[in-house]
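**Q** return a 3D structure for these sequence lines:
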Amino acid sequence: MAAPSGGVNCEEFAEFQELLKVMRTIDDRIVHELNTTVPTASFAGKIDASQTCKQLYESLMEAHASRDRVIKNCIAQTSSVVKQLREEREKNLDDLTLLKQLRKEQTKLKWMQSELNVEEVVNDRSWKVFNERCRVHFKPPKNE
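**A** Below is the predicted model of the structure:
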C-alpha cells in the first residue's frame, strides 16, 4: 500500500504510527495471503504459483519502499524542527516553553527513529515467510 497522496502528517506521532499500521497490512496478512494463493503440492497444477509469488514480491517491495520513504521523510522533517528549536533555544536560554517544545520534538524524533528498527523486523519476518513458500516458484531479480 502506498502512502496517501495527500502527504504524511509528521507533526502528530499518533497519526504517523496509525499510517504505518495501515501501510503494514500486507506484512501482517502475508501468511494468510500465501496460504490462500500459493498451492501446496497436491494443488500445484490448478494455480500459477510463480505468477502469484511474483505479484506478492512486487507488492512487498513497493510496500517496504513506500514505508521506508515515509519514515525517513518524517525523520528528516522532525530533525529539521529539532535543529531550528535548538538554535532558538541557544538564543533564549530562559524560555521554558521553548525548552519543553524542544524536548517534545526530540522525543518524537527518537520514536520515529525507532520505527526504522520496527520496520526492519517487520520486513525480515515477511521475507522469511515469503521465501519459505515461494522459493521454488519464483526467483527475485538479483539487482534488488
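**Q** spatially central residue for this structure, please.
**A** In the chain, the centroid-proximal residue (C-alpha atoms, centre = their mean) is R67; its distance is 3.3 Å.
**Q** and the gap between the closest residue in space to it that isn't next to it in sequence and V118?
**A** In space, and not counting its chain neighbours, R67 is closest to M23: 5.1 Å by C-beta to C-beta, 6 or more residues apart in numbering. To be clear about C-beta, it is placed using only N, CA and C from the backbone, and glycine gets the same treatment. Using C-beta to C-beta, to the nearest Å, we find M23 at a distance of 12 Å from V118.
**Q** neighbour count: these two, which is higher?
**A** Under the neighbour definition other C-beta atoms under 10 Å, M23 and V118 were set side by side, and M23 has more, 21 against 14.
**Q** lowest confidence element among the helices and strands of this structure?
**A** helix 30-37 (a mean of 85; mean pLDDT, DSSP states H and E).
**Q** and the helix or strand following that one, what does it pack against?
**A** Moving toward the C-terminus from helix 30-37, the next helix or strand (DSSP states H and E) is helix 49-91. Under the contact criterion of 3 or more C-beta pairs under 8 Å, 6 or more residues apart in numbering; DSSP states H and E, helix 49-91 touches helix 13-23, helix 25-28, helix 30-37, helix 96-134.
**Q** alright, that wraps it up for me.
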